[in-house]
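S.K.: Sequence and predicted structure below; questions after.
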Amino acid sequence: MMRAEKKSSAGNSDIEIEASNSSVQHLPPDSSQRYEGIAFSTSGNIIAAASSITNSVFLYRRKPDGRFEDTPYCTINGPGSKLIYPHDVAFAPAGQTEMLAVAQRGGSIAFFEKNPATDDYRTNPVFEIAGAQTRLNFSDAVAFVPPDNHYLAVGNLMAQSISFYRRNSASSMGFGLKPVFELKHESLANPDGLAFSQCGKWLAVANHGNDAVSIFQRRHGIFSMGRIEYGPQPVTFIKDPGMRYPHSVAFTPKTNHLVVTNAGANHFSVYPPKKRLFKMHWSPTPVLQKIVGPDSVFKEVNAHNAMEGGAKGVAIHQNNLAICSPQLGIKIYSLREHPSDC
């Protein structure tokens with residue numbers, strides 16, 4: 001097994017990412033697609049990718065050999081889908097089936113239902129979070145809050161905030177239209193991506209506007225009065241010189257390493273968690289850094305737009321790490337990590 005091409009001096013890593021060409025599955029892009037966000041289904045057997053320019057979500061299915069099919073088996077698009085510039089996606093169980101939430105830059109979240117008898121997703125949304133009362137503004141990021149998925153978090157690029165919506169019930173695909181909590185902090189600058197640790201204790205936000213990542217802790221007990229709250233201050237603010245327009249973030253499931261993609265750089269980076277005086281924080285220096293594509297391809301795009309050319313979405317399920325970009329399509333890596341406490 002090969003580690004990522006570049007390793008920092010932050011110390012020995014307890015995470016490995018397979019880097020050989022034979023170990024990385026590549027689903028090449030179609031010239032008409034522009035992948036921005038990506039997510040694994042609850043089982044990990046489906047990958048959804050949001051294509052902003054075609055107003056579509058493409059779904060790929062895992063084969064019996066563990067790899068994914070090269071072409072989408074299902075596509076959500078067309079007038080009935082009501083999708084307009086979809087930018088991010090997230091899955092969650094819903095009773096006997098599963099739902100897919102799609103964040104749209106215009107300021108709405110559409111929910112699609114999986115057909116219980118097949119792997120297909122219905123192309124008409126079963127519910128939408130939309131309208132003035134939602135306070136959504138350039139909703140670029142979406143994620144369900146673990147471990148129970150009772151809340152949905154949405155990143156507002158222009159409003160510099162994260163909005164939380166309460167789910168009607170564990171089996172419902174409906175949500176309250178008014179946010180029950182809004183996270184605002186001076187470190188948030190054009191939040192383009194967000195992710196929760198598997199236990200739901202930690203929230204990471206990729207700040208496209210200040211080349212940084214903010215990590216917040218969930219408040220519990222008397223401090224939150226039973227409500228969902230994160231913050232008010234970040235436990236870690238990562239301002240790494242290697243960050244160039246960070247786009248998306250993801251926590252690894254066992255060790256809580258934080259993976260950050262950069263829309264304006266040809267690599268993604270991995271930041272390890274550290275305990276200091278019994279408090280958790282994340283290292284400001286990456287322990288691993290992985291080049292994602294040919295440098296010539298990156299430079300050709302980046303020369304015309306400093307905010308483009310690099311990886312966009314990132315998602316992790318167990319030992320699979322997937323990234324996507326308009327130029328690369330989807331790349332799926334294998335990762336290995338040693339268990340640690342959440």
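M.R.: Good, I have the coordinates. Numbers count the residues shown, from 1 in each chain.
S.K.: Break the chain into its domains for me.
M.R.: If you go by automatic domain parsing, the domain ranges for the chain are 1-31+185-342, 34-184.
S.K.: give me the number of residues near Pro253?
M.R.: Burial of Pro253 is recorded as 18 neighbouring residues (other CB atoms under 10 Å). Where C-beta positions appear, they are placed from N, C-alpha and C, glycine not excepted.
S.K.: picking that back up, mean pLDDT lowest for which of the domains of the chain?
M.R.: Sorting those by mean pLDDT places domain 1-31+185-342 lowest, at a mean of 87.
S.K.: Isn't Val142 up against Ile109?
M.R.: Yes - checked against CB atoms under 8 Å, the pair Val142 and Ile109 is within contact range at 6.0 Å.
S.K.: which residues do the two both contact?
M.R.: 101-103, 152, 154 (CB atoms under 8 Å, 6 or more residues apart in numbering).
S.K.: Take the residues you listed and lay them out in a markdown table including neighbour count and secondary structure.
M.R.: Shown next, in a markdown table, are the shared contacts of Val142 and Ile109 (neighbours: other CB atoms under 10 Å; DSSP: H, G, I helix; E, B strand; the rest coil):
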| residue | neighbour count | secondary structure |
| --- | --- | --- |
| Ala101 | 25 | strand |
| Val102 | 28 | strand |
| Ala103 | 29 | strand |
| Leu152 | 24 | strand |
| Val154 | 29 | strand |
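S.K.: Touching the helix or strand where Met99 lies from outside, list them.
M.R.: In the assignment (DSSP states H and E), Met99 maps to strand 97-104. If you take CB under 8 Å, 6+ apart as the criterion, strand 97-104 is touched by 37, 39, 41-42, 48, 50, 57, 76, 83-93, 109-116, 121, 126, 139-142, 144, 152, 154-155, 173.
S.K.: before we move on, what about stretch 230-240?
M.R.: Contacts of stretch 230-240 (CB under 8 Å, 6+ apart): 162, 181, 183, 185, 187, 202-203, 210-219, 258, 260, 269, 271, 279-282, 284-286.
S.K.: Could you list which of the residues you listed belong to strands?
M.R.: Among the contacts of stretch 230-240, the members found in strands (DSSP state E) are 162, 181, 183, 202-203, 212-217, 258, 260, 269, 271, 279-282.
S.K.: Show me which of these are buried.
M.R.: 162, 181, 183, 202-203, 212-217, 258, 260, 269, 271, 280-282 (16 or more other CB atoms under 10 Å).
S.K.: can you give me the helices for this structure?
M.R.: Here the chain has its helices, by DSSP state H, at 295-302.
S.K.: just the strands in the stretch 51-200 of the chain please.
M.R.: Using DSSP state E, counting those that start in this stretch, the strands of the stretch 51-200 of the chain run over 56-61, 74-76, 86-94, 97-104, 108-113, 127-129, 139-144, 151-156, 161-166, 181-184, 191-196.
S.K.: Of those, which is nearest Lys331?
M.R.: Proximity to Lys331 (CB to CB) singles out strand 56-61 among the strands of the stretch 51-200 of the chain, at 12.4 Å.
S.K.: what packs against the closest one?
M.R.: strand 46-51, strand 74-76, strand 86-94 (3 or more CB pairs under 8 Å, 6 or more residues apart in numbering; DSSP states H and E).
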